[in-house]
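Asker: Quick one, what's the 3D model for this:
(2 chains)
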Amino acid sequence: DIQMTQSPSLLSASVGDRVTLSCKASQSIYNSLAWYQQKLGEAPKLLIYDANSLQTGIPSRFSGSGSGTDYTLTISSLQPEDVATYFCQKYYSGWTFGGGTKLELK
Amino acid sequence: QVQLKESGPGLVQPSQTLSLTCTVSGFSLMDYSVHWVRQPPGKGLEWMGRMKYDGDTYYNSALKSRLSISRDTSKSQVFLKMNSLQTEDTAIYYCTRDNYGGWFAYWGQGTLVTVSS
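Answerer: Modelled structure (predicted):
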């Protein structure tokens, strides 16, 4: 089974910061990667699919990149409403989520 | 618009069977696949299994021996049954729609299931 590892597990940043979250697969997943944002008490919300495609309605400060085994979610200028936990998910050869990165304000 | 809603018992006794229903609207179960995902309190997301639009099922290997997913297309419902529940099965259970590519653009609100005597 392909494992998904996210880092860091906790990230503290200030409003306006450029924030980078990492997701690593145990083998190539050929860009079959999505990112989700989950706020406290809510269902996950799709942000990015196919590694770098922005879901409709998601602010352009969110972007995804990467290939092979290594992928990144970037928030270009952190806003207070971005405080949440972020999960990556692979959908190549089945579905698996990463363990999540909790993003908080410094 | 696309909607999914989970329903079922909030409390299940250890060793018993969990039965959940996902009722969908705004799309046909014969056009889109529906998945079940769960999340223990304060923890991460675990993919459980899929009901494909053609009726085929696919399960997480870690849960396969205990899990069954079925559907009633006439009622727009997908069902989850999982037996031999233990306290570690306490979680919020979500149903979600596959957008053909494999990502999940639509989610239900989730239903909390507590396993306790």
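Asker: residues in contact with A:P80?
Answerer: Contact analysis of A:P80 by Cβ atoms under 8 Å, 6 or more residues apart in numbering or on different chains lists A:15, A:105. In this view, the C-beta of every residue, glycine as well, is placed from N, C-alpha and C.
Asker: so who does the closest residue to chain B within chain A touch?
Answerer: Using Cβ to the nearest Cβ, the closest approach of chain A to chain B is made by A:Y91 at 2.9 Å. For A:Y91, the contact set (Cβ under 8 Å, 6+ apart) comprises A:32-34, B:101-103.
Asker: any idea which of these is closest to B:S70?
Answerer: B:G102 (21.6 Å; Cβ to Cβ).
Asker: how close does the closest one sit to chain A?
Answerer: 3 Å (Cβ to the nearest Cβ, to the nearest Å).
Asker: how many neighbours does A:L46 have?
Answerer: Neighbourhood size, A:L46 [other Cβ atoms under 10 Å in any protein chain shown]: 22.
Asker: Centre of the chain to the helix or strand where it lies, how far?
Answerer: Using DSSP states H and E, A:L46 maps to strand A:45-49. Relative to the centre of its chain, strand A:45-49 is centred 8 Å away, using Cα atoms, centre = their mean, to the nearest Å.
Asker: same check, this time on stretch A:69-76
Answerer: Stretch A:69-76 sits 7 Å away from the centroid of its parent chain (Cα atoms, centre = their mean).
Asker: Which pLDDT does the model give B:Y100?
Answerer: Note for B:Y100: predicted pLDDT of 83.
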